[in-house]
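# Below are the sequence and a predicted model for it; my questions follow.
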Amino acid sequence: MEMESLRIGEILRTGQPDESVKIQGWVRTKRELKDFAFMEVNDGSSMGNLQVILGKELPNYVEILKKINTGASVAVAGVLVPSRGVGQRIELKANTVTVYGESNPETYPLQKKRHSFEFLRTIGHLRSRTNTIGAVMRVRNACATAIHTFFQERGFLWVHTPIITASDCEGAGELFTVTNLDLNKIAQKETKEIDYSQDFFGRHAYLTVSGQLEAEVMALALEKVYTFGPTFRAENSNTSRHLAEFWMVEPEMAFCDLDGDQDLAEEFLKYIFKYVLEHCPEDMEFFNQRIDNSVLATADNIINNQFERISYTKAIALLEKADRQFEFPVEWGIDLQSEHERYLAEELFKKPLIVTNYPVGIKAFYMRLNEDGKTVAAMDVLAPKIGEIIGGSQREERLEVLERRIKELGIPAEELWWYLDLRRYGTVPHAGFGLGFERLVQFMTGMGNIRDVIPFPRTPLSAEF
C-alpha cells in the first residue's frame with residue numbers, strides 16, 4: 001500500500017527524526033553541490049518550505065536534477081533527519097523522487113527574487129505560489145472559518161440570499177444588469193428604451209449589492225441569521241480600496257436594538273482577530289515583518305480594548321475642535337470621510353470606536369428614525385489604520401414610518417411590497433450590520449491593495465483569470 005502524503009506545515013510542526021514521510025508540492029529552489037543537491041519544496045500549507053536532500057545514490061539522480069527546476073511539481077518519499085541548517089529543525093532525505101510536471105527556468109515568471117504586487121497581478125494564475133499571497137490566502141481562510149464558527153456558536157443560521165435580485169437595497173444605483181437579451185439587436189435599435197418585460201425574469205434584474213433585505217425576511221422567522229456571500233458594485237473606482245466583486249458578511253437579529261447590534265459587532269471583531277492570531281501565527285508574523293510592522297499591534301488594539309462609543313453629534317464636535325485642517329470641511333450633516341474616521345480612531349481615541357445616531361439625510365431608508373426626527377439608529381465601527389470597518393443599524397420596524405420614509409425618498413413602494421409586509425405581519429425591533437470581507441482581510445494583513453487579498457480581483461477593465 002502506498003504511503004499517504006503529509007502536508008509540509010504539519011511535518012515542520014510535529015515531524016520527528018527517523019520518521020518515514022511522503023510529501024507533494026512545488027519546487028521553490030534547487031542547489032547543486034558535488035555529491036548531492038538540496039531542493040526546497042512548498043505545498044501551500046505553510047510559509048515554510050521543507051528542505052529535501054538528494055543523494056547520488058538516488059535512482060536516476062542526474063536525470064531528476066535536470067527536471068527539478070523552480071516551479072516543477074514533485075512527490076518525495078524519504079526519512080526525516082535533523083537539520084544542520086540555520087532556522088530549520090528537520091529536513092527530508094529522499095529515497096524516491098517523482099517529477100509530475102517540469103518547469104522551464106528560462107520562462108517561469110516566478111524567480112527567486114521579490115516581485116512587485118503589480119507584476120504579480122498580471123500572473124494571477126501563478127501568484128498564489130508566492131510567500132505573501134499564500135499567507136494572505138491562509139489568513140483569508142482562517143477569517144472565513146472564524147466568521148462561521150462565531151455565528152454558529154451563537155445559534156445563528158447561515159442563509160443564502162440571492163445573487164440575482166430586482167431590488168437596489170442601498171439606492172446607490174451602482175448596479176450590474178443581469179440579462180439574456182440579445183445585446184447586438186439592442187445596439188441596432190433606434191429606440192433608447194429597453195423592454196425588460198421580454199428579458200429572462202420579465203423585469204430589470206441586477207447582481208446584488210447586499211443580502212440585507214432578504215436577511216431581514218429570514219430573521220423575522222428564524223430570529224438570528226447571517227449571510228456570507230459575493231456582492232457586486234458597478235462603481236467605476238480604480239482605488240486600492242474598491243472591488244467590483246467582493247464578499248459581505250451580514251448578520252440580522254430579530255428582537256434586537258442598536259445597543260445589541262453594537263455589542264455583537266465588537267464581540268465579532270475581537271473573536272475573528274483572536275482566532276486568526278491563534279491559527280495563523282507564522283503568517284501574521286510574516287505580515288508584521290515584511291508588509292506592515294504594526295499588524296500585530298493593530299490586532300492587539302482590537303482584541304484588548306473596550307471600543308469607545310460616541311454619537312455622531314459628539315464626533316462632529318470633536319472634529320470641529322481638532323487642531324488641523326481637514327480636506328473635507330466638518331459640519332453637522334456631512335457624511336464622515338475616511339480622514340475624519342481615521343483621526344477619531346487613530347489620533348484621538350487611539351482605539352476602535354463606534355459612532356451612532358447619524359443624520360437621517362445621509363443614511364438609507366430602512367434605518368430606524370430616532371425620536372428627535374433628525375437622526376437614525378445607525379452605527380459605524382471605526383478602527384485605526386482603516387476607518388470604517390462595519391456599518392449597521394436598527395431597522396425601521398414601524399410600518400407608517402417606513403412608508404413615509406420610502407415616499408420622501410421617491411422609492412416606488414410597490415417594489416418593496418414584500419418588505420412592507422414584514423411590518424404588517426408580526427413586526428419586531430430588529431438590527432444588523434454589514435462587513436466587507438476583503439476589507440477585513442486587508443486590515444488584518446496590512447496589505448496595501450485590496451486586489452491582493454482576493455484570489456481573482458474584479459475591477460474596472462479587469463476580469464482576467
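Looks like it came in fine. Residues are numbered from 1 along each chain as shown.
# make it CA atoms for all contacts and neighbour counts henceforth
OK.
# Check which residues of the helix or strand where W26 lies are buried.
Element membership of W26 [criterion: DSSP states H and E] is strand 20-32. Going by neighbour count (16 or more other CA atoms under 10 Å), the buried part of strand 20-32 is 20-30.
# Export these to JSON lines and append columns for pLDDT.
Formatted as JSON lines, those follow (pLDDT from 0 to 100):
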{"residue": "S20", "pLDDT": "96"}
{"residue": "V21", "pLDDT": "97"}
{"residue": "K22", "pLDDT": "97"}
{"residue": "I23", "pLDDT": "98"}
{"residue": "Q24", "pLDDT": "98"}
{"residue": "G25", "pLDDT": "97"}
{"residue": "W26", "pLDDT": "97"}
{"residue": "V27", "pLDDT": "97"}
{"residue": "R28", "pLDDT": "95"}
{"residue": "T29", "pLDDT": "94"}
{"residue": "K30", "pLDDT": "94"}
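# Pull out the buried positions in stretch 323-336.
330, 333, 335-336.
# still on that earlier bit, other SSEs contacting the strand holding W26?
strand 36-42, strand 73-82 (3 or more CA pairs under 8 Å, 6 or more residues apart in numbering; DSSP states H and E).
# what's in contact with that strand?
By CA atoms under 8 Å, 6 or more residues apart in numbering, the list of residues contacting strand 20-32 from outside reads 3-8, 37-44, 49, 68-80, 112.
# count of neighbours near the spatially closest residue to L416 that is not a sequence neighbour?
Computed as CA to CA, 6 or more residues apart in numbering, the closest residue to L416 that is not its neighbour in sequence is S167, at 8.0 Å. By other CA atoms under 10 Å, the residues close to S167 number 18.
# helix or strand right after the helix or strand of the chain with the lowest mean pLDDT?
Here the helix or strand of the chain ranked lowest by mean pLDDT, DSSP states H and E is helix 183-188, holding a mean of 81. Once the chain leaves helix 183-188, the next helix or strand it forms, by DSSP H and E, is strand 205-207.
# How about residues contacting that next one?
163-167, 175-179, 231-232.
# Now intersect those with the strands, please.
Among the contacts of strand 205-207, the ones falling in strands (DSSP state E) are 164-165, 177-178, 231-232.
# now the helices and strands packed on strand 20-32 as CSV including distance to S197, mean neighbour count and mean pLDDT?
Output for those, formatted as CSV (distance: least, CA to CA, whole Å; neighbours: other CA atoms under 10 Å; pLDDT from 0 to 100):
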stretch, distance to S197, mean neighbour count, mean pLDDT
strand 36-42, 54, 21, 95
strand 73-82, 53, 20, 97
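# any chance of those in CSV, with distance to W417 too?
Shown next, in CSV, are the helices and strands packed on strand 20-32 (distance: least, CA to CA, whole Å):
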stretch, distance to W417
strand 36-42, 55
strand 73-82, 57
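# Next up, identify which helix or strand A144 is on.
A144 belongs to helix 131-153, assigned by DSSP H and E.
# roughly how far out does that helix sit from the chain middle?
9 Å (CA atoms, centre = their mean, to the nearest Å).
# And for stretch 375-389?
On CA atoms, centre = their mean, the centre of stretch 375-389 falls 17 Å from that of its chain.
# ok, F156 - contacts?
224-226.
# for the stretch 201-350 of the chain, what spans make up the strands?
Under the criterion DSSP state E, counting those that start in this stretch, the stretch 201-350 of the chain carries strands at the ranges 205-207, 224-232, 245-254, 308-311.
# So for the shortest one, mean pLDDT?
What that stands for is strand 205-207. Taken as a whole, strand 205-207 has a mean pLDDT of 93.
# so where's the protein shaky on pLDDT?
Applying pLDDT under 70 to the chain flags residues 1, 168-173, 189-191.
# Give me the neighbour count for D195.
Neighbours around D195, by other CA under 10 Å: 12.
# so what's the backbone phi/psi at it?
With angles defined as degrees, to the nearest 10, D195 sits at phi -90, psi 90.
# ditto for the one 5 residues further on
The phi and psi values for F200, taken as degrees, to the nearest 10, are phi -50, psi -50.
# who touches it in this structure?
F200 neighbours (CA under 8 Å, 6+ apart): 179-181.
# Could you look up the SS state of V376?
Under DSSP: H, G, I helix; E, B strand; the rest coil, V376 falls in the strand class.
# give the contact list for it.
357-360, 363, 367-370.
# what sits against the closest residue to F433 other than its chain neighbours?
Counting by CA to CA, 6+ apart, F433 lies nearest to G392, which is 3.7 Å off, once chain neighbours are set aside. Going by CA under 8 Å, 6+ apart, G392 touches 261, 378-380, 431-434.
# Of the residues you listed, which is the nearest to V136?
G434 (21.9 Å; CA to CA).
# for that closest one, helix, strand, or coil?
strand.
# Was I right to think it contacts I390?
Yes: here G434 lies in contact with I390, judged by CA atoms under 8 Å, at a distance of 5.8 Å.
# returning to that earlier point: same for the helix holding A144, what does it pack against?
Packed against helix 131-153 by the contact rule (3+ CA pairs under 8 Å, 6+ apart) you find helix 258-279, helix 281-290, helix 437-445.
# possible to save those as CSV with mean neighbour count and distance to G87?
Converted to CSV, the helices and strands packed on helix 131-153 look like this (neighbours: other CA atoms under 10 Å; distance: least, CA to CA, whole Å):
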stretch, mean neighbour count, distance to G87
helix 258-279, 18, 21
helix 281-290, 17, 14
helix 437-445, 23, 24
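# Distance to T14 for those helices - can I get that in a markdown table?
Below are the helices and strands packed on helix 131-153 laid out as a markdown table (distance: least, CA to CA, whole Å):
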| stretch | distance to T14 |
| --- | --- |
| helix 258-279 | 15 |
| helix 281-290 | 15 |
| helix 437-445 | 26 |
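# Indicate which one of the ones you listed is closest to E153.
Across those, closest to E153 is helix 258-279 (CA to CA), at 11.5 Å.
# between the closest one and helix 131-153, what angle do the directions make?
Here the directions of helix 258-279 and helix 131-153 differ by 130 degrees (axes from the mean of the first three to the mean of the last three CA atoms, to 10 degrees).
# Please save the CA atoms from helix 258-279 in PDB.
The C-alpha coordinates for helix 258-279 follow below in PDB (Å, rounded to 0.1, in the frame of the first residue of the first chain):
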ATOM      1  CA  LEU A 258     -28.900  49.400  18.400                       C
ATOM      2  CA  ASP A 259     -27.200  48.500  21.700                       C
ATOM      3  CA  GLY A 260     -27.300  44.800  20.900                       C
ATOM      4  CA  ASP A 261     -26.100  45.400  17.400                       C
ATOM      5  CA  GLN A 262     -23.000  47.300  18.800                       C
ATOM      6  CA  ASP A 263     -22.300  44.600  21.300                       C
ATOM      7  CA  LEU A 264     -22.300  41.900  18.600                       C
ATOM      8  CA  ALA A 265     -20.100  43.900  16.300                       C
ATOM      9  CA  GLU A 266     -17.500  44.400  19.000                       C
ATOM     10  CA  GLU A 267     -17.600  40.800  20.100                       C
ATOM     11  CA  PHE A 268     -17.400  39.700  16.500                       C
ATOM     12  CA  LEU A 269     -14.300  41.600  15.500                       C
ATOM     13  CA  LYS A 270     -12.400  40.600  18.700                       C
ATOM     14  CA  TYR A 271     -13.300  36.900  18.000                       C
ATOM     15  CA  ILE A 272     -12.100  37.000  14.400                       C
ATOM     16  CA  PHE A 273      -8.700  38.600  15.300                       C
ATOM     17  CA  LYS A 274      -8.100  36.200  18.200                       C
ATOM     18  CA  TYR A 275      -8.900  33.200  16.000                       C
ATOM     19  CA  VAL A 276      -6.600  34.300  13.200                       C
ATOM     20  CA  LEU A 277      -3.700  35.000  15.600                       C
ATOM     21  CA  GLU A 278      -4.100  31.500  17.100                       C
ATOM     22  CA  HIS A 279      -4.400  29.700  13.800                       C
END
